[in-house]
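Trainee: task: produce atomic coordinates for the following.
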Amino acid sequence: MLILLAIISTILLIASLLPLSYSQHYMVRGGDFIRLQVCYGALINLLLIASYAVLVMSSPLLIVLVIANVLVLILQGYWIYPYCWFARHEVKNSHSHAPHSIRIMSANVLMSNHNSEALISLVKQHQPDLLVTLETDTWWQNQLAALHNDYPYRIACPKDNRYGMHVFSKYKIIQSQVCELVSDDIPSIHILFENADGLQMQGHFIHPEPPSPTEKDTSRTRDSELIMVAKAVKDPIRPVIVAGDLNDVAWSRTTQLFMKLSGFLDPRKGRGFFNTFHADYFFMRWPLDHLFHSPGFTVKRIKRLAKYGSDHFALLTELVYEDAEQQSLLKKDEDTAEIAEQLKMNRVDKRQVPTFKKGQ
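Mentor: Down below sits the predicted model:
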C-alpha cells in the first residue's frame, strides 16, 4: 500500500511540474487540461496517507509523501484559483438595470451528433443575439436552416473535417471574412457587426487544432493561431469579442499568454470554471470553450447550458458594453513578446487577422 501511495504521489507531482515548461509536446501540454483532476487526486491521496498512518503504521516516507502532495495542491491551486467562485472578479458585474447589450452562445455540436432538435430548442429558449456553431458540416447547416427567420445575418463555412463553423446573428453584419490563419481547411470567422444601439463591434471566432496523438503532436499550430489573434486585437478601435473552442483550458500558459498579449479579460474569473467538455464524463471535465473581450464590457450572466447530444456543453454569455474602466489581472512580463515569438510558427506572419480598420 505504501508503495502504491508513493507511485500515485510521484505521478501527481510529475503531472504538476511538466506544464511549467513551455514545451509544446502534447504530453506536456496535456498536463494543463487535468489540473482540477490532479488537485482532487492529491486531496484523496492525502486522506489515504493519513488513514495509512493512523490505521497501519507511521513512516518517514509518509512525511515525504505529504510534502509532495501539498506541493501538488499549491502548484495546481496557483493556476485554478482565479476561476474559483470566491476569487476576485476580473470583469465587473453589470448594473442591475443595465440595458441588454449582447448575448452570445457558442456550441461545438460534435459533427457526428445528429440531435439538432435539442440544440435548436436551446437556441429558441435562450435567444442569443449571436450564435456560433463549431464542427458543423453540410448536414448541420441544413438542419439549422430552421433558425433563419430569427437570424437574418449568417456566415456559413461547412466542413466535413470537424472544423466547420457557422455564425448566426440578429444584429447587422457589416463586414465579414472567413480565414484559414494557420492551417489549410481550419477556418476562423471574423465579423464587424452593429448592435441594437448602433454600436459597432468586432467578433473573432476560432477553433484551432488541439495537441493530441490523433491530431497534432505539438500545440504549435494552436498556439500560433492564438498568438496571431492576440496581437491583432491588442489595440482595438472598437469593442471586440473573441470566442470559440480554443482546444485549450482557461488556466494554461498559452491562454494566459493570449490574454497578456491582447490585454483582454475573462468574465469567468471569480465566477466559476464553466467546464464545457466532456459532457458525458463528469469526472473528466475542463473549460474548453471560451469567450474573451476588450475591457469596456461588464458581465450580466454566464451559463453552461443543458446537454444536447454533443460532447460539449454550449456556453451562453451575456455582456453589456458600458465603457467600463477595468484591466486584466495578469501582468505583462518583459519576456511575454519574446516567448510568443518562440512559440508561434514563422510562416503565419504572411496571413492577416482582419480587424476591419478603415482602408483594410
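Trainee: show the contacting residues for Trp79.
Mentor: Arg35, Trp251 (C-beta atoms under 8 Å, 6 or more residues apart in numbering). Where you see a C-beta, it was placed from the backbone N, CA and C, and this is true even at glycine.
Trainee: where's it, which helix or strand?
Mentor: Under the criterion of DSSP states H and E, Trp79 resides in helix 60-80.
Trainee: export that helix to PDB, keeping only CA atoms.
Mentor: Extracted C-alpha coordinates of helix 60-80, given in PDB (Å, rounded to 0.1, in the frame of the first residue of the first chain):
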ATOM      1  CA  PRO A  60       9.400   8.800   7.500                       C
ATOM      2  CA  LEU A  61       8.300   8.200   3.800                       C
ATOM      3  CA  LEU A  62       4.800   9.300   4.700                       C
ATOM      4  CA  ILE A  63       6.100  12.700   5.600                       C
ATOM      5  CA  VAL A  64       7.800  13.000   2.200                       C
ATOM      6  CA  LEU A  65       4.600  11.900   0.500                       C
ATOM      7  CA  VAL A  66       2.600  14.500   2.500                       C
ATOM      8  CA  ILE A  67       5.000  17.200   1.400                       C
ATOM      9  CA  ALA A  68       4.800  16.100  -2.200                       C
ATOM     10  CA  ASN A  69       1.000  16.100  -2.300                       C
ATOM     11  CA  VAL A  70       0.800  19.500  -0.500                       C
ATOM     12  CA  LEU A  71       3.200  20.800  -3.200                       C
ATOM     13  CA  VAL A  72       0.900  19.500  -5.900                       C
ATOM     14  CA  LEU A  73      -2.000  21.300  -4.300                       C
ATOM     15  CA  ILE A  74      -0.100  24.600  -4.100                       C
ATOM     16  CA  LEU A  75       1.100  24.300  -7.700                       C
ATOM     17  CA  GLN A  76      -2.400  23.400  -9.100                       C
ATOM     18  CA  GLY A  77      -4.100  25.900  -6.800                       C
ATOM     19  CA  TYR A  78      -2.000  28.700  -8.200                       C
ATOM     20  CA  TRP A  79      -3.400  28.100 -11.700                       C
ATOM     21  CA  ILE A  80      -7.000  27.300 -10.900                       C
END
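Trainee: list the buried residues of the helix or strand just after that helix.
Mentor: Following helix 60-80 in sequence order, the next helix or strand is strand 102-108 (DSSP H and E). By neighbour count on 16 or more other C-beta atoms under 10 Å, the buried set for strand 102-108 is Ile102, Arg103, Ile104, Met105, Ser106, Ala107, Asn108.
Trainee: for strand 102-108, which helices and strands make contact with it?
Mentor: Contacting strand 102-108 under the criterion 3 or more C-beta pairs under 8 Å, 6 or more residues apart in numbering; DSSP states H and E are the following elements: helix 116-126, strand 130-134, strand 240-245, strand 289-293, strand 315-321.
Trainee: check the offset of it from the chain's centre.
Mentor: Centroid separation for strand 102-108 versus its chain: 13 Å, with C-alpha atoms, centre = their mean, to the nearest Å.
Trainee: returning to that earlier point: looking at the buried residues of strand 102-108, which is nearest Leu119?
Mentor: Among the buried residues of strand 102-108, Ala107 lies closest to Leu119 (C-beta to C-beta), at 6.2 Å.
Trainee: touching, Leu319 and Thr298? I think so.
Mentor: Yes: Leu319 lies in contact with Thr298 (C-beta atoms under 8 Å); the separation is 7.0 Å.
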